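K.L.:
next input, structure requested:
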Amino acid sequence: MESIKTRELKKIYGEIKAVDGIDLSVNEGEIFGLLGPNGAGKTTTLMMLSTLLKPTSGTALVNGFDVVNSPDRVRESIGMVFQDPSSDTLLSGYENLKLHALMYNLPLKEINKKIEKVLELVDLQKRKHDIVKKYSGGMRRRLEIARGLLHEPKIFFLDEPTLGLDPQTRQHIWEYIRALAAKIKMTIIVTTHYMEEAEKLCNRIAIIDHGRIVALDSPKNLVRATGGDIVSLKGCKLNLSELEKLAFVKGIKTVDGKFLIAVENAGKNLQEILRIAGEVEFVEVHSPDLNDVFLYYTGREMREEGDEVGFMTDVTRAT
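P.N.:
Residues are numbered from 1 along each chain as shown. Okay, the predicted model is just below:
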């Protein structure tokens, strides 16, 4: 069963196509990742799916409800954690959760029970009466996850849930998310800048660039599709036209002044590559990971900050 289904979903601001025709199907109970450079369209897509932005055109169904025609039913079906903290720092954790419960018109006799349940999920029972100002960044993030789960949504949107947190806290947050997916069997849509997290956590990943999906598959299949190994070369007079004719070279892309070459069996073929390449200043060979997949499809590294404007030069055929 599909929890989310979009067809030709678009959001256009004047001449800017923030989202440019996204087709997406997400299964019930799936942990689905949206990856892309800043400005690629990830957050805009989440905003449309959560009814916070109205699409320019196209359709989106969330839990079977149209985001334009049935926004109230969609909101009843979802929870969301935004990039920027939105809890009230002058209220306690408990007070934040109770306010949220009242906004969702949860039955008064059930509110305390539900609050205790979500506090237990994120391990904040002992700090529930402390004001949020005294919480660490990780604790505040966990509180916001608890708040998003309070009304027991079928679909949970997490927009950069671990952005700016230290590695240990990030690991704890992902453990909570993974446990939630298994225990509650909800569909989770997550955006993240951390490749290793997406690779370990997500069942499938869509890479978005310039408002369009440029790759979609499981992390393992996306990595496998790069061609086997990645050879990085840098040089002022590389013979690229001859390199791209080699049968074992699956693709060449430029990234930050270097050439990423997707190669079958680099150990066997590296000498031939170097012989034909000509003058080489730098060479590196490694097995691909999800970061290489991202670079291969977008030509840009994941960055927490920076302008989304960038260009990729594709100097060879696509795989």
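
K.L.:
CA atoms for contacts and neighbours, from now on please.
P.N.:
OK.

K.L.:
what sits up against the helix or strand encompassing residue 168?
P.N.:
Assigned by DSSP states H and E, residue 168 belongs to helix 167-184. Outside helix 167-184, the residues that touch it by Cα atoms under 8 Å, 6 or more residues apart in numbering are 29-31, 121-122, 138, 142, 162, 186-188, 197, 201.

K.L.:
tell me which entries of the residues you listed lie within strands.
P.N.:
Mapping the contacts of helix 167-184 onto strands (DSSP state E) picks out 31, 187-188.

K.L.:
now list the buried members of these.
P.N.:
Among the ones in strands among the contacts of helix 167-184, those classed as buried by 16 or more other Cα atoms under 10 Å are 31, 187-188.

K.L.:
grab the nearest non-local neighbour of residue 63.
P.N.:
Sequence neighbours aside, residue 3 is the residue nearest to residue 63 in space, at 4.8 Å (criterion: Cα to Cα, 6 or more residues apart in numbering).

K.L.:
which ones are touching the one you found?
P.N.:
25-28, 61-64, 155, 187.

K.L.:
residue 204 too?
P.N.:
Applying Cα under 8 Å, 6+ apart to residue 204 gives the contacts 30-33, 216-219.

K.L.:
rewinding a little: would you reformat the contacts of helix 167-184 as a markdown table and include pLDDT and distance to residue 207?
P.N.:
Shown next, in a markdown table, are the contacts of helix 167-184 (pLDDT from 0 to 100; distance: Cα to Cα, whole Å):
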| residue | pLDDT | distance to residue 207 |
| --- | --- | --- |
| 29 | 89 | 20 |
| 30 | 92 | 16 |
| 31 | 93 | 15 |
| 121 | 79 | 30 |
| 122 | 82 | 29 |
| 138 | 85 | 27 |
| 142 | 88 | 26 |
| 162 | 80 | 19 |
| 186 | 87 | 22 |
| 187 | 93 | 18 |
| 188 | 92 | 16 |
| 197 | 83 | 14 |
| 201 | 88 | 15 |
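
K.L.:
check which residues of the helix holding residue 168 are buried.
P.N.:
By neighbour count on 16+ other Cα under 10 Å, the buried set for helix 167-184 is 169-170, 173-174, 176-178, 180-181.

K.L.:
pLDDT weak spots in the stretch 201-319 of the chain?
P.N.:
Applying pLDDT under 70 to the stretch 201-319 of the chain picks out residues 227, 236, 300-319.

K.L.:
for it, which segments are assigned as helices?
P.N.:
219-224, 240-243, 266-277, 290-298 (DSSP state H, counting those that start in this stretch).

K.L.:
who touches the last one?
P.N.:
It refers to helix 290-298. 36, 195-196, 199, 207, 209, 214-215, 219, 222-223, 226, 230, 253, 255, 260, 300-302, 312.

K.L.:
and if we set it to 7 Å?
P.N.:
195, 199, 209, 214, 219, 222-223, 226, 253, 301, 312 (Cα atoms under 7 Å, 6 or more residues apart in numbering).

K.L.:
likewise for the first one?
P.N.:
Helix 219-224 is contacted from outside by 199, 204-205, 288-290, 293, using Cα under 7 Å, 6+ apart.

K.L.:
run the chain-centre distance for it.
P.N.:
Averaging C-alpha positions (Cα atoms, centre = their mean, to the nearest Å) puts helix 219-224 16 Å from its chain's average.

K.L.:
just the strands in the stretch 51-200 of the chain please.
P.N.:
For the stretch 51-200 of the chain, strands defined by DSSP state E, counting those that start in this stretch occupy the ranges 57-62, 65-66, 78-81, 155-159, 187-191.

K.L.:
let's have those strands in TSV, adding distance to residue 245.
P.N.:
Formatted as TSV, these follow (distance: least, Cα to Cα, whole Å):
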stretch	distance to residue 245
strand 57-62	41
strand 65-66	49
strand 78-81	48
strand 155-159	42
strand 187-191	37
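
K.L.:
partner residues bridging the most centrally placed residue in the chain?
P.N.:
The residue lying closest to the centre of the chain (Cα atoms, centre = their mean) is residue 191, at 2.5 Å. Listed by DSSP bridges, the beta-bridge partners for residue 191 are residue 34, residue 159.

K.L.:
ok, it - contacts?
P.N.:
33-35, 158-160.

K.L.:
from these, which two are the most distant?
P.N.:
Longest distance between any two of those is 12.3 Å, between 35 and 158; criterion Cα to Cα.

K.L.:
now do the helices in the stretch 1-150 of the chain.
P.N.:
Under the criterion DSSP H, counting those that start in this stretch, helices of the stretch 1-150 of the chain are mapped to 42-49, 71-77, 93-103, 108-121, 137-149.
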